[in-house]
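Enquirer: sequence and predicted structure, then a few things I'm wondering about:
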Amino acid sequence: MKILAIGGSPRGSKSQTHVLVEALLAEAKGKGAEVEFVDLGKAQIGFCRACEACHRGPHCALHNDDGGGILERMLEADGIVLASPVYLDQVTAQMKTLLDRTSHFVHCLRMTGKYFAAVTTSGGGGGEATTAFLKRYAVTVGAQFAGNVDARVPLGDANFAAARALGAALVAAIAEKKLWPDQVHAIDEQLQRFGHIIAFRKDHWPFEYQYWHEKGWL
């Protein structure tokens, strides 16, 4: 079992979000998971330019940067933790830039069978809206959302306890292949919706059309 945490803070090891994620990963590792942390503050990731190249082939044709490698790690992981401080009621620019590069994940529900979790921190709130966005993203790419921690700084013991509990819950969800009926229903709706789109755009998006055929979804 592999859990990948992606940190969206530009503050690196000084980030309160990072500190919470470390507690989550330590608990997950103690439960037997292989863990990895990606610091987007140190990554070079170019903006999506909506060229649709990722729908016609397996890689972004515009950028030779860190984005592609991070997306490959997401595909290899069983669980993914998206962690970000809250800036203006949203994830950071670093996190949003990465997620914008996952259009192919949306079209092909590439995270099907995986589990997501979220960690957010803020000084003035906004965590609920940010978490709702991350949960919606998870379902949109085919994953189930196992839970979140939303903390106000300065962090306290209760925040670290919540992070550890989330790490344990994420490991358990992956091991048990846990199902949340409402999320499964939402994923099924996403599958039906994009099935029509992929079939309609088959000549424009051959790579994705082939992927759907190989999965037996068309």
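Expert: Now that the structure is in, tell me what you want to look at.

Enquirer: which element is the closest residue to Pro58 other than its chain neighbours on?
Expert: Ranked by CB to CB, 6 or more residues apart in numbering and with sequence neighbours excluded, the top spatial neighbour of Pro58 is Phe207, at 6.2 Å. Every C-beta, even on glycine, is put in place using the N, C-alpha and C of the backbone. Element membership of Phe207, judged by DSSP states H and E, is helix 206-215.

Enquirer: give me the neighbour count for the closest residue to Ala143 other than its chain neighbours.
Expert: Of all residues beyond its chain neighbours, the one nearest Ala143 is Met111 (3.9 Å), with distances taken as CB to CB, 6+ apart. Residues lying near Met111 (other CB atoms under 10 Å) number 24.

Enquirer: distance of Met111 relative to Lys29?
Expert: Here the distance between Met111 and Lys29 works out to 22 Å (CB to CB, to the nearest Å).

Enquirer: and the helices in this protein, which stretches?
Expert: If DSSP state H is used as the criterion, the helices of the chain fall at 16-30, 53-56, 67-76, 93-100, 103-108, 127-140, 157-176, 181-200, 206-215.

Enquirer: quick check: mean pLDDT of the first one?
Expert: Same thing as helix 16-30. With pLDDT averaged residue by residue, helix 16-30 scores 98.

Enquirer: just want the angle from it to helix 157-176.
Expert: Counting by axes from the mean of the first three to the mean of the last three CA atoms, to 10 degrees, helix 16-30 lies at 40 degrees to helix 157-176.

Enquirer: check which residues of helix 16-30 are buried.
Expert: Buried residues in helix 16-30, defined by neighbour count with 16 or more other CB atoms under 10 Å: 16-25, 27-28.

Enquirer: neighbouring contacts of the least confident helix or strand in the chain by mean pLDDT?
Expert: For the chain, scoring each helix and strand by mean pLDDT, DSSP states H and E identifies helix 53-56 as the least confident one, at a mean of 90. Contacts with helix 53-56, where a contact means CB atoms under 8 Å, 6 or more residues apart in numbering, come from 59-62, 101, 103-104, 107, 201, 204-208.
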